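Trainee: dropping the sequence and predicted coords here.
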Amino acid sequence: MAWAVPSLPTDKSRFICIYPAYINNKKTIAEGRRIPIDKAVENPTSTEIQDVCAAVGLNVLLEKNKMYPREWNRDAQYRGRVRIQLKEEDGSPCFPQFPTRKSVMLYAAETIPKLKTRTQKMGGSDQNLQQGEGGKKGKGKKKK
């Protein structure tokens, strides 16, 4: 009965950790970004990383209360860590298209902007910007 407890860390040892800072284009490499800035995403959340990885079939575990050590901001938006199983017990990759942790990070960064939550937010902000510009033009005409 007591022998079951030590098996948990070995199970988790096959899980890699991905923090949102790893794929955030607002971060520098010194602040923790691990992929090229042109492939990174603007302010990803741990939930978004979990969603895209689970959708492709990866074994995902979300740890909401964990924080990236280099993250100075303690807001809920920056909290969270995603653990992903990359390898089986025998050491072989779970998915051939994800042999390394970097391949998972690049996939997540490529897929997160296509999420419905992201596309809806972007569409709404574009409309607001257009309305704001229209208001500025109207004010300009009144002055003349």
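Mentor: Cool, got the structure.
Trainee: now do the strands in the protein.
Mentor: Assigned by DSSP state E, the strands in the chain fall at 15-18, 60-63, 81-85.
Trainee: return the most buried member of the ones you listed.
Mentor: Ranked by mean neighbour count under mean count of other C-beta atoms under 10 Å, those are led by strand 81-85, which reaches a mean of 21. (C-beta placed from N, C-alpha, C; glycine too.)
Trainee: ok, back up a step: which one, of the strands of the chain, ends up nearest to Arg101?
Mentor: Smallest distance to Arg101 across these (C-beta to C-beta): 4.6 Å, for strand 15-18.
Trainee: average pLDDT across the closest one?
Mentor: When pLDDT is averaged along strand 15-18, the result is 92.
Trainee: one step back: redo the strands of the chain as a markdown table? Include distance to Thr117.
Mentor: Below are the strands of the chain laid out as a markdown table (distance: least, C-beta to C-beta, whole Å):
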| stretch | distance to Thr117 |
| --- | --- |
| strand 15-18 | 19 |
| strand 60-63 | 16 |
| strand 81-85 | 16 |
